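Asks: Sequence first, then the predicted structure:
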Amino acid sequence: MPVPRFKSLFTASVLPNAQRLGCGAMWSRLRTILPSPNCLPPRWCSGFVSRMRYMNRLKEDDTACLSALHNGQIFLFHHLSPLLQCTQRGTLRPAALATSDVQSVLERLGSDGSLVKKSVLVSCLEQNQAQFCLDVGELDQVSVEEACEGKFLDLRKSLFLLTTAEAPILAKGQALLRWHQTSRFCSATGQLTHRNQAGSQRACSSNGIIYYPKMSPVVIVLVSDGRRCLLGRQPAFPLGMYSALAGFCDMGESLEEALCREVAEEVGLELQSITYSSSQHWPFPHSSLMLGCHATVSPAHTQLQVDHAELENARWFSLEEITSALKLQTPPQRGDSPALWLPPKQAVAHRLITEWTKQQLLKDTDQNQRPGSC
Ligand SMILES: NC(=O)C1=CN([C@@H]2O[C@H](COP(=O)(O)OP(=O)(O)OC[C@H]3O[C@@H](n4cnc5c(N)ncnc54)[C@H](OP(=O)(O)O)[C@@H]3O)[C@@H](O)[C@H]2O)C=CC1
Ligand SMILES: [Mg+2]
């Protein structure tokens, strides 16, 4: 079980009054909370090191990156919405197009060849085939859709619909493309900045300051009182959707301090203990690094004081309510009786909720198997 690289985070404890777990107890709890290898990048697969080093070289060597682009794949975007195609099974997947095909489509639609060079490097397949994202917002949307046999769909909607492992690539691609669109000028000199071929940095043409893409750290926490879990709802969420509590870290705060502050601000509770679960990059509203945790409050202090400037509502949900919501396949429609709808599978909030559910079910099984229980 490849967990040790997270050990420092787990053992770095959290609150002055945190319940510290003994080491053995902690690891056995981690195994139940974090068993999923898909939380971790595929470091142990053969070829991982060589792919990472290859990607790093492409970020540093513009000529090598341009050559990788010519032999690579491109995910197209139109004003930051990704191009999706329908599979034979009727599901959606991001359209990974060969660069040569994209080049011919662009030429047919009257664009000069330089547009392809605006692609940003996002990933690398086995055999070191590089993958890029490119925004073709300057071309007619429908013409590109017809030529590529796909549809551009808003990224939030796409993340609800996509089940493939490529969803994080779209999130990363959109974040990078947006960063380039909004970072054209140096904030010190006001002069134009220019990018490297991979799109991993921009430099000021006048004083050479180098800018790197920015991410805001955001904490997200699933609070439990031992029996129920706490979810909140913002007015902008889709109908019926509740999620784990989240908030941006303030300057100077640790992960633990930000979690305690956000929970205190949004629902008026004091956390007892915090366990780190996993993290994810999230492209909204700009680009965030979501740091996902579980936390507990005392069962004696669960009264919520919801800050309605931040949340439309927050409430405790039973295990039964959560297990039913996890089974729902289609979102509630206007006019339906309001069912609980959870964040998409790609969201770390979903992962926290499923981890909590598994933990509760295990607890219930343990209790039922104790001698003397009926
Ligand atoms: N992937 C997932 O599972 C989930 C992801 N999220 C993401 O977490 C993010 C944070 O959650 P949310 O509850 O909205 O956060 P907060 O509770 O921190 O509230 C958002 C407000 O914080 C202020 N703020 C402070 N710093 C920033 C910053 N760097 N960027 C933008 N706003 C900032 C803004 O207020 P003002 O404008 O008044 O200054 C903003 O309206 C959301 O963007 C959401 O997309 C949320 C839930 C689930
Ligand atoms: Mg919040």
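Replies: Here it is on my side, so go on. Residues are numbered from 1 along each chain as shown. Ligands and ions are numbered 1, 2, ... in the order given.
Asks: Not counting residues beside it along the chain, what's closest to the residue in the stretch 201-350 of the chain that ligand 2 sits nearest to?
Replies: As assessed by C-beta to the ion, ligand 2 sits closest to residue 247 within the stretch 201-350 of the chain, at 4.2 Å. C-beta coordinates here come from the backbone N, C-alpha and C atoms, glycine included. Excluding its sequence neighbours, the residue lying closest to residue 247 (C-beta to C-beta, 6 or more residues apart in numbering) is residue 262, at 3.5 Å.
Asks: isn't the one you found right next to residue 218, touching?
Replies: No: at 9.3 Å, residue 262 does not count as touching residue 218 under the criterion of C-beta atoms under 8 Å.
Asks: so where do the helices sit in this structure?
Replies: All helices of the chain, identified by DSSP state H, fall at 7-11, 23-33, 48-60, 62-70, 99-108, 141-148, 155-161, 167-181, 255-267, 319-327, 348-369.
Asks: Spell out which residues of the chain are next to ligand 1.
Replies: 216, 218, 220, 243, 246-248, 282, 284-285, 288, 290, 310, 343, 347-349 (C-beta under 6 Å from any ligand atom).
Asks: picking up where we left off before, could you check how far the residue of the stretch 201-350 of the chain closest to ligand 2 is from residue 241?
Replies: 17 Å (C-beta to C-beta, to the nearest Å).
Asks: Flag the shaky bits of this structure, pLDDT-wise.
Replies: 1-46, 372-374 (pLDDT under 70).
Asks: For burial, what's the neighbour tally of residue 225?
Replies: Other residues within reach of residue 225, judged by other C-beta atoms under 10 Å, total 17.
Asks: Now for it: which residues touch it?
Replies: Contacts for residue 225 (C-beta atoms under 8 Å, 6 or more residues apart in numbering) come out as 296, 297, 298, 299, 302, 316.
Asks: So what touches stretch 47-64?
Replies: 41-42, 65, 68, 121, 123-124, 126, 128, 130, 196-198, 200-201.
Asks: actually stretch 65-74, sorry about that
Replies: Residues contacting stretch 65-74 (C-beta under 8 Å, 6+ apart): 58-59, 96-100, 102, 116-117, 119, 121, 125, 128-134, 196-198.
Asks: change it to 6 Å
Replies: 58, 96-97, 99, 102, 119, 129-132, 134, 197-198 (C-beta atoms under 6 Å, 6 or more residues apart in numbering).
Asks: what's the closest of these to ligand 1?
Replies: Checking the contacts of stretch 65-74 against ligand 1 by C-beta to the nearest ligand atom gives residue 131 as the nearest, at 22.4 Å.
Asks: Show me what that closest one is bridged to.
Replies: residue 73, residue 123 (DSSP bridges).
Asks: Over to the one 4 residues further on?
Replies: Note on residue 135: beta-bridge partners residue 77, judged by DSSP bridges.
Asks: Isn't it up against residue 177?
Replies: Yes: using C-beta atoms under 6 Å, residue 135 is in contact with residue 177, at 4.9 Å.
Asks: Now for those two: what residues contact both?
Replies: Joint contacts of residue 135 and residue 177 (C-beta under 6 Å, 6+ apart) are residue 77.
Asks: Count the residues that sit near residue 162.
Replies: 23.
Asks: quick one: it and residue 90, what's the gap?
Replies: Distance from residue 162 to residue 90, by C-beta to C-beta: 13 Å.
Asks: again, but for residue 271
Replies: 44 Å.
Asks: Neighbour count for those two, which is higher?
Replies: residue 271 (22 against 6).
Asks: residues contacting the nearest residue to the more buried one once chain neighbours are set aside?
Replies: Ranked by C-beta to C-beta, 6+ apart and with sequence neighbours excluded, the top spatial neighbour of residue 271 is residue 295, at 4.6 Å. Contact partners of residue 295, counting by C-beta under 6 Å, 6+ apart, are 221, 223, 271, 274.
Asks: is residue 295 in a bridge, and if so with what?
Replies: Beta-bridge partners, per DSSP bridges, of residue 295: residue 223, residue 274.
Asks: distance of it from residue 361?
Replies: For residue 295 relative to residue 361 (C-beta to C-beta), the value is 19 Å.
Asks: again, but for residue 94
Replies: Taking C-beta to C-beta, one finds residue 94 at 34 Å from residue 361.
Asks: now swap in residue 238 and tell me
Replies: Taken as C-beta to C-beta, the span from residue 238 to residue 361 is 27 Å.
Asks: And for residue 137?
Replies: In terms of C-beta to C-beta, residue 137 sits 46 Å off from residue 361.
Asks: between these two, who's got more neighbours?
Replies: residue 137 (15 against 12).
Asks: Just grab the bridge partners of the closest residue to residue 193 other than its chain neighbours for me.
Replies: Spatial nearest neighbour of residue 193, excluding adjacent residues (C-beta to C-beta, 6+ apart): residue 202 at 4.1 Å. Beta-bridge partners for residue 202, by DSSP bridges, are residue 195, residue 211.
Asks: picking up where we left off before, write the PyMOL selection for whichever of the residues of the chain next to ligand 1 are buried.
Replies: Restricted to buried positions by 16 or more other C-beta atoms under 10 Å, the PyMOL selection for these reads:
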select buried, resi 218+220+243+246+247+282+288+290+343+347+348+349
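Asks: Out of the residues of the chain next to ligand 1, which sit inside strands?
Replies: 216, 218, 220, 246, 247, 248, 282, 288, 290 (DSSP state E).
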